[in-house]
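Novice: sequence first, then the predicted structure, then my questions.
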Amino acid sequence: MNTSAMIRLAASMAIFGSIGLFTVHAGIPAVELVFVRCICATLFLGGLWLATGGHKTEAWNLKEVIQTLFCGIFLVLNWVFLFKAFEEMSISVTISIYNLAPIFVLILGAIFLRERITIGNVLAIAVCFIGSIFIIGIEHLNSLEAFMNSGFLWALLSAFCYAMTMFLSKTLKGLSPYATTFLQTMVGIVMLLPMCDFSVFHGLSAKNIFFILGTGIIHTGFVYYLFFDSIRKLPTIVVSVLTFVDPVVAILLDTILLGFRPSILQTIGIVLVFGGIFYTVLKPKRVRKKEMAAE
């Protein structure tokens, strides 16, 4: 096991776990914040790509480029919806719903790739659904208006868009991670530029500017560099487990620094959601290992 790679991946997930805290203190709306994030990530990762000479050996393929651009659309929408959810709900609740993405990937695989879903997978999906209802709070289900204003829909859309990004990225083999991210963040700049209200940047404090740039340089540029640099050197199961560092850090920061106190039902809901996700992520790998051992 590559200990150095494990540390880098764990660090990247821990840093990314603070993105909700940065978003809350940025002081600008979701669209404008994601726009800045895309610019910072394009410059940071594009610069690394050029500095390492990766652009010279890049194997360009038109089909993969088009597929990457579509991935970029869903990636950017994922960020916008996630940040909009942070505006309406606590970080812990948002992150818990956002991490339903692997469940959506499982469903998409079953529908479009005819991948097999076991009874355990169906039960895991049901557990996650029940957990989501507990997390959002039963009181928000009393009326459509309360439900729409809860932020749940934004978080769910974010999880779905992230799942679409992962699903569409599954068959990308030729393009390097730097080229892929560069194209995707460029898509974000083009998409969001017409929608940006640049007046929101007037009168920002030094604190606001720090958190805004932090979401781009730290959470997208630096974190993505650590992430891409480490995942290639680790088994998939280790990567799957270490990604849980992200929501754990997010919930801890929300509880310690922002005073989030979940109700009993919300606590049960968070446990149910992450239990279902953990089962979904790890169970198939255990099954495959047993099948390989039996051969």
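Specialist: In hand now; what should we look at?
Novice: residue boundaries of the helices in the stretch 1-150 of the chain?
Specialist: Assigned helices in the stretch 1-150 of the chain, in chain order: 3-16, 19-26, 30-51, 62-88, 91-98, 101-112, 119-136, 144-148 (criterion: DSSP state H, counting those that start in this stretch).
Novice: out of these, deepest packed?
Specialist: When you average the neighbours per residue for each of the helices of the stretch 1-150 of the chain (mean count of other CB atoms under 10 Å), helix 91-98 leads with a mean of 27. In this view, the C-beta of every residue, glycine as well, is placed from N, C-alpha and C.
Novice: could I have that helix exported to CSV, CA atoms only?
Specialist: Below are the C-alpha coordinates for helix 91-98, written out as CSV (Å, rounded to 0.1, in the frame of the first residue of the first chain):
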residue,chain,number,x,y,z
ILE,A,91,-23.8,22.0,5.8
SER,A,92,-24.3,18.6,7.5
VAL,A,93,-27.8,18.1,6.1
THR,A,94,-26.6,19.2,2.6
ILE,A,95,-23.6,17.0,2.6
SER,A,96,-25.5,14.0,3.8
ILE,A,97,-28.0,14.3,0.8
TYR,A,98,-25.2,15.2,-1.6
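Novice: packing partners of it?
Specialist: Contacting helix 91-98 under the criterion 3 or more CB pairs under 8 Å, 6 or more residues apart in numbering; DSSP states H and E are the following elements: helix 19-26, helix 62-88, helix 119-136, helix 152-169, helix 245-257, helix 264-294.
Novice: from residue 163, how far off is residue 69?
Specialist: Here residue 69 is placed at a distance of 18 Å from residue 163 (CB to CB, to the nearest Å).
Novice: typo on my end, it should be residue 32
Specialist: Computed with CB to CB, the distance linking residue 32 and residue 163 is 25 Å.
Novice: same question, residue 171
Specialist: Residue 171 sits at a distance of 15 Å from residue 163 (criterion: CB to CB).
Novice: higher neighbour count, those two?
Specialist: residue 163 (22 against 9; other CB atoms under 10 Å).
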